[in-house]
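Trainee: Give me the fold of what follows.
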Amino acid sequence: MSDATAKLGRYAEGRHDHPIVREEKTVRVLVWEWPVRVAHWVVVLSIAVLSFTGYYMYDPFIIARGREAFLMGRMRFIHEVAAWFFISAVLLRFYWFFKGNRWAHWRSFLPLKRWWRKGFVTQLKYYLFLNRDPESEVGHNPLAAAAYVVVFGLMVVEIATGLALYNHILDSKFLGFFVDWIPGIINIRYIREIHFLIMFAFFAFVIHHVYSAVLIGIEERSGLMGGIFSGYKFFPAAFVAADPTRRVHEEKIPAVAAGRSHKVRTGTSGGEEKPGTVPGTTPAAPRQ
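Mentor: Okay, here's the model as predicted:
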């Protein structure tokens, strides 16, 4: 039976799977280290608080009465506290662009290699319904990485405009040294509008981010959704060994044997591999 016939048979029987799902010898890989996960969830929670309080400050939608007459002051205080959490989380993530593993490193987010550019096109075709299977990488796929670059850029703009608005009231010489140049080139009213409108860009990103994470997680069966909590994702050993993001000084693939539950779920078989090793990783041809 030809490969094409077998593929058509799987479609007819409703058994089509993403190619990497059909591989054996699945291993779990610590992809997202704890600083990445902490920064991610602090950013998520702080954006939720900042959005609620920020929208209220822009257009008060709660009428305060009696002892709650100072509600605007409370909202502003909560907004400012959440903002410092947000700034701290972004700084941690930026630090981890240089300190983190191969999948968190800044090189994985820029089109420096041919595989990155090729994967970007492949993933874009998937979302345009031109490809059946998405681009799979151990870390972020190139299209997701490109989206993160844009989002991180918006975070920097949001922080800069927020600090400029804050110092417009605080009038701190220390803080003004860093942000007073912004009102010098943009009217404070426009800074406020920019700061407010970026919130909606974050909303749009969150909607697509959750949708695509669930979708790709279902396609790959790699534990993508759970990975942001545990840090681990699941892939065939040979797929991990051929990971193109490996840097020259990284000689070992940081993978351990997959648990029994994942073997049962993906239909893989075989004995348990020893932790700290990647079975079946005889020299694999790198993905170009």
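
Trainee: right, and Met199 touches Tyr55 too?
Mentor: Yes - counting by C-beta atoms under 8 Å, Tyr55 is a contact partner of Met199 at 7.3 Å. Backbone N, C-alpha and C define where each C-beta goes, glycine included.

Trainee: so how far is the one helix or strand Ala160 maps to off the chain centroid?
Mentor: Using DSSP states H and E, Ala160 sits within helix 142-170. Taking the mean of its C-alpha atoms, helix 142-170 sits 16 Å from the chain's own mean (C-alpha atoms, centre = their mean, to the nearest Å).

Trainee: That helix: what's the following helix or strand?
Mentor: helix 173-179.

Trainee: other SSEs contacting the following helix or strand past that next one?
Mentor: Scanning forward in sequence from helix 173-179 by DSSP H and E, the next helix or strand is helix 181-185. For helix 181-185, the packing partners by 3 or more C-beta pairs under 8 Å, 6 or more residues apart in numbering; DSSP states H and E come out as helix 142-170.

Trainee: What's the mean pLDDT across the helix it packs on?
Mentor: The predicted model assigns helix 142-170 a mean pLDDT of 95.

Trainee: Go through it and flag the buried ones.
Mentor: 142-148, 151, 155, 158-168 (16 or more other C-beta atoms under 10 Å).

Trainee: all helices of this structure, in order?
Mentor: 3-12, 34-58, 71-99, 114-127, 142-170, 173-179, 181-185, 188-220, 224-230, 237-241, 260-266 (DSSP state H).

Trainee: Burial check on Pro183, number of neighbours?
Mentor: Counted with other C-beta atoms under 10 Å, the neighbours of Pro183 add up to 17.

Trainee: What separation do you get for the closest residue to it other than its chain neighbours and Ile188?
Mentor: Closest residue to Pro183 apart from its sequence neighbours, by C-beta to C-beta, 6 or more residues apart in numbering: Ala164 at 5.9 Å. Going from Ala164 to Ile188 by C-beta to C-beta, to the nearest Å gives 8 Å.

Trainee: Could you do Tyr126 as well?
Mentor: From Tyr126 to Ile188 the distance is 43 Å (C-beta to C-beta).

Trainee: about what we covered before: most tightly surrounded among the helices of the chain?
Mentor: Sort these by mean neighbour count, taking mean count of other C-beta atoms under 10 Å, and helix 237-241 sits at the top with a mean of 22.

Trainee: For Arg102, give me phi and psi.
Mentor: phi -60, psi -30 (degrees, to the nearest 10).

Trainee: these two touch, right, it and His140?
Mentor: No - under the criterion of C-beta under 8 Å, Arg102 is not in contact with His140, lying 11.2 Å apart.

Trainee: which neighbours do the two share?
Mentor: Ser108 (C-beta atoms under 8 Å, 6 or more residues apart in numbering).

Trainee: circling back to that earlier point, if you count contacts, what does the helix holding Ala160 end up packed against?
Mentor: Where contact means 3+ C-beta pairs under 8 Å, 6+ apart, helix 142-170 is packed against helix 71-99, helix 114-127, helix 173-179, helix 181-185, helix 188-220.
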